[in-house]
Structures are given as C-alpha cells and as structure tokens.
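A.B. asks: Would you be able to build a 3D model of this:
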Amino acid sequence: MAFLDSFSIAGSGLTAEKTRMNIIAENIANIDTTRTEAGGPYTRKLTVFRERGANTRFSSVLEARMARVGGLVIGTGNNEGAGVEVDEIIDDRSEYKLVYDPENPDANEMGYVEYPNVDLIKETTDAMAATRAYQANITALNSIRMMAQNALEIGQ
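C.D. replies: Here you go, the predicted model:
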C-alpha cells in the first residue's frame with residue numbers, strides 16, 4: 001500500500017536526522033580537544049545524505065515499484081529508491097584554529113596550539129536544522145497515520 005511506503009520514507013528521514021544529530025553532538029563535545037589518538041586536534045565531522053537506491057537506474061526502479069492496474073498507477077510496496085540514508089560521514093577540511101598559548105603542552109615550537117575546526121555557531125545552526133527536519137518527518141508520520149485511520153473509518 002502506498003501509505004506504508006510513506007511510513008518507510010518518513011522513518012528513513014528520522015533515522016538519518018538522528019545520525020546527523022549524533023555527529024553534531026560529537027562535534028560539540030570535542031570542541032576543545034587538542035589531542036586525539038590519531039594525533040593532532042579533533043576534526044569536525046559532517047554527514048552526507050543520499051537517496052536510497054541512488055546507484056540504481058531510474059527506469060529499473062520505476063519498473064520495480066510500479067504496476068499498471070486498470071489505468072491507475074499503484075505502488076508495489078518495494079521501497080528501493082524511496083527515502084534517504086546516510087551515505088558517509090566525512091571530515092571537514094577547513095583549517096584548524098591557531099591560538100597562542102605557549103604554556104599549553106600541545107603548543108608547537110612557536111607557542112601556538114591547534115584547536116579543532118568546530119564552530120559552536122555552525123553546530124548550533126546545524127542542530128536546529130536537523131531538529132526541524134526531524135519534526136517535519138514526525139509531522140508527516142502523524143499525517144499518514146491520521147489518513148490511514150480516516151480511511152478505515154470510511155468503511156464503517
């Protein structure tokens with residue numbers, strides 16, 4: 001049924017935005033981390049989303065998902081190509097912040113310490129956007145649920 005596909009699409013959005021929020025929280029938690037296991041300061045991480053099944057040709061997705069019945073196009077319930085997923089988590093390539101602090105044990109020979117390339121304002125803005133997207137997916141789920149309930153009440 002088509003509304004079940006809609007549940008899957010909205011649910012995939014919730015999962016992707018949850019992952020995005022977790023990465024943002026990790027960035028904020030490491031805003032002052034000057035030394036990591038890999039050496040050097042913490043590097044800001046970013047999430048990259050992609051459409052589910054983006055590697056599949058459009059025509060094959062269309063054929064797999066659609067069936068013609070009496071001239072009407074009806075979804076088959078196959079969710080390939082429907083929704084969003086986290087493609088990868090990448091490192092931000094922007095420059096680290098240099099702060100003059102010769103007393104810090106992580107200071108270089110000139111007295112500068114490299115701090116992570118995490119900006120609290122950017123992270124807060126990204127968190128607000130992810131929260132709004134999460135809320136939009138919840139609203140979509142609630143709307144789909146209400147439509148399904150109303151459809152069931154039609155038969156009574």
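
A.B. asks: Quick one: mean pLDDT for the helix ranked longest in the chain?
C.D. replies: In the chain, taking DSSP state H as the definition, the longest helix is helix 120-154. Mean pLDDT, computed over helix 120-154, is 93.

A.B. asks: Kindly report the same for stretch 11-28.
C.D. replies: Model confidence over stretch 11-28 averages 96 on the pLDDT scale.

A.B. asks: Off-centre distance for it?
C.D. replies: Distance of stretch 11-28 from its chain centroid, counting by Cα atoms, centre = their mean, to the nearest Å, is 5 Å.

A.B. asks: Please, where are all the strands along this structure?
C.D. replies: Per DSSP state E, the chain carries strands over the ranges 45-51, 66-69, 72-75, 84-91, 97-100, 112-115.

A.B. asks: Tell me which of those strands is the most buried.
C.D. replies: strand 112-115 (a mean of 18; mean count of other Cβ atoms under 10 Å). All C-beta spots, glycine's among them, are computed from the backbone N, C-alpha and C.

A.B. asks: pLDDT of it, averaged?
C.D. replies: pLDDT averaged over strand 112-115 gives 95.

A.B. asks: for stretch 83-97, same thing?
C.D. replies: The model assigns stretch 83-97 a mean pLDDT of 93.

A.B. asks: contacts for it?
C.D. replies: 8-9, 11-13, 15-16, 19-20, 23, 40-41, 43-52, 114-117 (Cβ atoms under 8 Å, 6 or more residues apart in numbering).

A.B. asks: what's the span of that stretch from first residue to last?
C.D. replies: 37 Å (Cα to Cα, to the nearest Å).

A.B. asks: next one: stretch 27-43
C.D. replies: Stretch 27-43: ends 8 Å apart by Cα to Cα.
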